[in-house]
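In: Predicted model, plus sequence, below.
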Amino acid sequence: MSTATVEAQERTRAFARVIGPYVATFTTFYAFRLPDLLGLLDDLLAQPVLVWLLGALMLGAGLVIIGAHRNWRGPLAVTVSLFGWFVAVRGFLLVVTPDTIRSAAVSTVLSPTGLTLARVFFGVLAVIGLLLTYAGWFTGGRSAGEAAAKGSSLPST
C-alpha cells in the first residue's frame, strides 16, 4: 500500500489540529453535564429555524471536511475523514428528522443505562479528540520543504 503524499499528510494534520481540541473540549463537557443539557436541547429544538440552521451548518461543515480531506491512509486520516462523514450525517438528520433526534436524546438521558453508555461514549470521544490534538500539533516535525530537500517523505499519518 502506498503512503499518502506530503501534502495529504499536512492537510490531515491541519484538520486534526482543529478537530482534536474541538472534540476533546465538547465531548468532555457532554460527558459531565449530559443531564443538564436536556433543557438546552429542549430550548433549541423548540425553535425550528435554529434547528434548521444548525443542521445546515453541520451538513456544510461535514461536506467541507469530506471534500477537502480525501485521504484515507493511516489511522489519523481515517479518523478525520470519518469525523467529516459523522458531522455531515448528523446535520442531514437534524434537518430531516429533528423530532427523532430529540426523542433519542431524551430517552438516552432519562434512562440510567443510556446515560452511563452515553457518558462512556463521550469519554471515548474525548480521548480520541486528545489523540487528534496530539497528532495534529506534535507529530510530523519536518516541513514539506525539508522533506523534499532530503528526498524522503513524512511518516504516514
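Out: That came through fine.
In: Give me the secondary structure label for Gly140.
Out: What DSSP: H, G, I helix; E, B strand; the rest coil gives for Gly140 is coil.
In: what about it, how many residues close to it?
Out: 20 (other CB atoms under 10 Å). (Each C-beta comes from the backbone N, C-alpha and C, glycine too.)
In: how far away is the most centrally placed residue in the chain from Val18?
Out: Per CA atoms, centre = their mean, the C-alpha nearest to the average position across the chain is that of Phe83, at 4.1 Å. For Phe83, the distance to Val18 equals 10 Å [CB to CB, to the nearest Å].
In: Please enumerate the helices of the chain.
Out: Secondary structure of the chain (DSSP state H): helices at 6-33, 37-45, 48-68, 75-96, 98-110, 112-138, 144-150.
In: Switch the ones you listed over to TSV; also include mean pLDDT.
Out: What follows is the helices of the chain, written out as TSV (pLDDT from 0 to 100):
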stretch	mean pLDDT
helix 6-33	94
helix 37-45	83
helix 48-68	95
helix 75-96	96
helix 98-110	87
helix 112-138	95
helix 144-150	46
